[in-house]
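Participant: this one's sequence-less:
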Ligand code: OGA
Ligand code: NI
């Protein structure tokens with residue numbers, strides 16, 4: 001497919017809309033009733049995604065380490081989502097990187113517009129995902145940045161302001177890449193594969209990594225729209241740094257939407273579609289969405305740790321048996337992600353349709 005070079009309609013910055021103090025959101029953001037959030041929560045408020053203390057992986061007692069591996073295994077199989085604490089990233093770094101991006105979004109529109117993105121690579125300042133004209137849009141703006149592969153040509157998309165942004169984001173990125181490697185090793189062991197199996201399938205040292213910073217402005221009618229529509233993440237695994245002050249992420253669990261309550265300085269981890277494929281659906285990428293808030297803006301950083309984009313991804317042969325045949329055909333991540341980039345967030349429809357191609 002040839003990548004289109006421009007958006008199908010003039011781009012509207014949701015932040016600008018929000019700043020007009022309008023009391024009614026434009027029709028373009030009003031979701032059909034079944035997709036609207038039920039803000040009066042029907043799910044018992046004590047349900048949350050599993051919380052895992054990564055420090056226990058280094059515990060001298062073998063059984064504590066094994067218990068932690070088991071917790072991770074259960075979380076991957078049963079939830080597709082968990083949050084980690086004691087992940088090795090300093091509190092100041094996780095707070096610092098979120099707050100420097102908040103500052104960026106509070107720069108003037110002229111400054112931000114210098115980095116306006118196009119659907120060709122999505123890099124830069126954007127306000128929509130998908131190219132369908134007349135689509136119902138999400139109540140958010142974002143900044144999309146490629147980190148790995150680390151090539152010169154991508155560097156022109158780093159914002160120049162605030163001046164310390166790049167240094168802080170690079171430091172954060174290095175830590176996320178380290179964490180990605182660590183978790184892939186754990187997932188490999190938990191799946192009964194060689195400990196370097198998944199990292200190798202991701203391209204070894206040539207993995208991809210990119211950051212999507214989400215900015216969810218205040219919304220006068222949060223019951224009619226979503227900050228981010230239901231989707232599963234197309235890549236390998238995602239590290240989400242949520243806002244300290246305001247919840248918003250909801251994870252689908254059976255027919256319910258569970259609002260995630262992050263622990264302080266925790267990082268949320270979730271399985272993407274490529275790990276669902278590689279694990280032959282032993283691990284599942286789980287649908288999630290974001291609700292918005294009338295009185296508070298929200299900033300989150302979604303770091304996507306992905307396979308090198310031109311490698312063929314298919315179920316690990318060790319996980320394909322007569323009882324559990326291969327559920328997915330092989331495909332490169334480059335080809336795979338064109339779907340979300342043209343159609344926008346569409347629940348789990350993509351990975352499900354891949355299954356039916358078998
Ligand atoms: C994403 C995402 C969730 C959030 O960017 O893919 O799911 O809480 N973000 O912003
Ligand atoms: Ni997501």
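Facilitator: Sure thing, it's come through. Just so you know, these numbers come straight off a predicted model, no measurement behind them. Numbers count the residues shown, from 1 in each chain. Ligands and ions are numbered 1, 2, ... in the order given.

Participant: Can you show me the strands along the stretch 151-300 of the chain?
Facilitator: 208-216, 228-231, 237-241, 249-253, 256-259, 267-271, 288-290, 298-306 (DSSP state E, counting those that start in this stretch).

Participant: For residue 21, find the nearest of those.
Facilitator: The closest of the strands of the stretch 151-300 of the chain to residue 21 is strand 208-216. By CB to CB, the value is 16.7 Å. In short, each C-beta sits where N, CA and C put it, glycine included.

Participant: OK, contacts around residue 118?
Facilitator: Taking CB atoms under 8 Å, 6 or more residues apart in numbering, we find residue 118 in contact with 5-7, 124.

Participant: returning to what we had before: of the strands of the stretch 151-300 of the chain, which approaches residue 317 most closely?
Facilitator: strand 267-271 (20.0 Å).

Participant: Check which strands are paired with the closest one and give the direction for each one.
Facilitator: strand 81-85 (antiparallel), strand 237-241 (antiparallel) (DSSP bridges).

Participant: how about those in JSON lines, adding distance to ligand 1 and mean neighbour count?
Facilitator: Formatted as JSON lines, the strands paired with strand 267-271 follow (distance: least, CB to the nearest ligand atom, whole Å; neighbours: other CB atoms under 10 Å):
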{"stretch": "strand 81-85", "distance to ligand 1": "10", "mean neighbour count": "21"}
{"stretch": "strand 237-241", "distance to ligand 1": "6", "mean neighbour count": "25"}
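
Participant: could I get those as JSON lines with distance to residue 287 and mean pLDDT?
Facilitator: JSON lines is the format used below for these (distance: least, CB to CB, whole Å; pLDDT from 0 to 100):
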{"stretch": "strand 81-85", "distance to residue 287": "10", "mean pLDDT": "98"}
{"stretch": "strand 237-241", "distance to residue 287": "13", "mean pLDDT": "98"}
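
Participant: can you list those in TSV and add distance to residue 158?
Facilitator: Listed next are the strands paired with strand 267-271 as TSV, based on distance: least, CB to CB, whole Å:
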stretch	distance to residue 158
strand 81-85	27
strand 237-241	19
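
Participant: out of those, which comes closest to residue 112?
Facilitator: strand 237-241 (20.5 Å).

Participant: tell me the angle of that closest one relative to strand 298-306?
Facilitator: 160 degrees (axes from the mean of the first three to the mean of the last three CA atoms, to 10 degrees).

Participant: hang on, the earlier thing: top of the contacts of residue 118 by neighbour count?
Facilitator: Each of these was scored for neighbours by other CB atoms under 10 Å, and residue 124 scores highest at 20 neighbours.

Participant: so what pLDDT did the residue nearest to that one when sequence neighbours are not counted get?
Facilitator: Distances taken as CB to CB, 6 or more residues apart in numbering place residue 117 nearest to residue 124, at 3.5 Å, with adjacent residues excluded. Residue 117 is assigned a predicted lDDT (pLDDT) of 95.

Participant: which residues in this structure form helices?
Facilitator: 14-19, 62-78, 91-105, 109-113, 165-190, 197-201, 273-278, 333-343, 349-356 (DSSP state H).

Participant: so which of those is the most packed in?
Facilitator: Stretch with highest mean neighbour count among these: helix 273-278 (a mean of 28; mean count of other CB atoms under 10 Å).

Participant: what sits against whichever residue of the stretch 101-250 of the chain sits closest to ligand 1?
Facilitator: At 3.7 Å from ligand 1, residue 249 is the closest residue in the stretch 101-250 of the chain, using CB to the nearest ligand atom. Shown in contact with residue 249 (CB under 8 Å, 6+ apart): 240, 242, 259-260, 268, 288-290, 300.

Participant: packing partners for the helix or strand of the chain with the lowest mean pLDDT?
Facilitator: Sorting the helices and strands of the chain by mean pLDDT, DSSP states H and E puts helix 349-356 at the bottom, at a mean of 85. If you count contacts as 3 or more CB pairs under 8 Å, 6 or more residues apart in numbering; DSSP states H and E, helix 349-356 packs onto helix 273-278, helix 333-343.

Participant: Mind checking if that helix is in reach of ligand 1?
Facilitator: No. Looking at helix 349-356 against ligand 1 by CB under 6 Å from any ligand atom, there are no contacts, and the closest approach is 13.7 Å.

Participant: now that helix against helix 333-343, angle please.
Facilitator: Using the same axes, to 10 degrees: helix 349-356 against helix 333-343 is 130 degrees.
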